[in-house]
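Engineer: Okay, predicted coordinates and the sequence, questions at the end:
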Amino acid sequence: MSSFELSGRPVGLDYPPLVIAEIGINHEGDINKALMMVDAAHASGCECVKIQSHVVEDEMIPNDVVPGNAKESIWEIMSRCALSEDEELIVKRRIEALGMLFLSTPFSRAAAERLESMGVAAYKIGSGECNNYPLVRHIASYGKPVILSTGMNDITSIGCAVDILREAEIPFALMHCTSMYPTPYDKVRLGALEQLGGAFPDAVLGLSDHSLGNYTCYASVPFGARILEKHFTVDKFWPGPDVSISIDPEELRQLIEGSRAIHQALGGGKDILPEEQSTIDFAYASVVTTGAVATGEVLSAQNIWVKRPGLGGIPAKEFERILGHRAVRPLDKDVQIGWEDIDG
């Protein structure tokens, strides 16, 4: 399976990359900010917007672990940023009313059950849950497409999750990801896409990117990435641990247009296109006289050379071949020489 559909939108090697605007928790628990980002993503031409579903008490036990890109514990962050079920439904309805695809990442069984009750078309599983096989199996049991991020996991641990998805006979995508915020360019490792493609040829490939800007997303397309995910915000001065690595509406627009252009440019071979003929007519050169040439005069580098256009006459590539031949009629200066103008 090299492609599948998400709400009618095909994803796979033969199709333009699907760009996911990851709102995540950039709304900081404010439903109005979430809706503002949805509208901005739509205005940028985005096809898919994703949030995160956090039912904190089912997701984690109280703890004081502080993520590397934050100054407060993960418990405090998620408690503050989690949207309620009603709020998530409002976001989903706004996204779908604008003709976009709604996705969310459930971080717990309760969150997955919430999303299923909302009638989602597919599931995104985050890197931290890639080896949470009980949760992967629970989500796979719904029988819907899964987009699985693979940061912090190697081929072996990814393979165990893939086995679950295959057993459930559901289509899936694997997102290469480096779980560093931001990811230095030398840690992005786009070569991992080739490794994933070789190990899991039935997977659609993608890049969930935490590096700054769009460079690595653009570069991932020739490596086979057909789903591109970036954190998204409308204001880079908003608070929030993921805002600093997020792209804004203009960057989102550029990513969508640029990745599509790169996809169109892939493939093909080094052949001459029929559409190049009009340029060939003037850009190629042909053999011409550089001065008057008398009948019987030997053609040499002193009386012939190559000049544009290439339309008519002997092409420039034959120049050496006709040196030493004689003119069979008088030729004026700057005349294209034809085969009928020389002996032999």
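Structural biologist: Noted; the coordinates are in hand.

Engineer: The closest residue in space to G258 that isn't next to it in sequence: neighbouring residues, count only.
Structural biologist: Excluding the flanking residues, the one nearest G258 by Cβ to Cβ, 6 or more residues apart in numbering is Y218, at 5.6 Å. Backbone N, C-alpha and C define where each C-beta goes, glycine included. The number of residues packed near Y218 is 18, by other Cβ atoms under 10 Å.

Engineer: Then Y218 would be within a helix, right?
Structural biologist: Yes - under DSSP: H, G, I helix; E, B strand; the rest coil, Y218 falls within a helix.

Engineer: check contacts around it.
Structural biologist: Contacts for Y218 were tallied using Cβ atoms under 8 Å, 6 or more residues apart in numbering; they are 255, 258-259, 262.

Engineer: Pull out the buried members of those residues.
Structural biologist: Neighbour-count burial (16 or more other Cβ atoms under 10 Å) applied to the contacts of Y218 gives 255, 258-259, 262.

Engineer: ok, how many other residues are close to A112?
Structural biologist: Using other Cβ under 10 Å: A112 sits among 25 other residues.

Engineer: swap in R226?
Structural biologist: Number of residues near R226 (other Cβ under 10 Å) recorded here: 24.

Engineer: any idea how far it lies from P171?
Structural biologist: 13 Å (Cβ to Cβ, to the nearest Å).

Engineer: What distance do you get for A265 to A199?
Structural biologist: Distance from A265 to A199, by Cβ to Cβ: 27 Å.

Engineer: So for the two, which residue has more residues nearby?
Structural biologist: Using other Cβ under 10 Å, the more surrounded residue of A265 and A199 is A199, with 14 against 10.

Engineer: Distance check, the closest residue to the more buried one other than its chain neighbours against M100.
Structural biologist: Nearest non-adjacent residue to A199, counting by Cβ to Cβ, 6+ apart: I155, 5.3 Å away. Note on I155: its distance to M100, by Cβ to Cβ, is 33 Å.

Engineer: So which of those two has more stuff around it?
Structural biologist: Neighbours were tallied for I155 and for M100 using other Cβ under 10 Å; the higher tally belongs to M100 (19 against 14).
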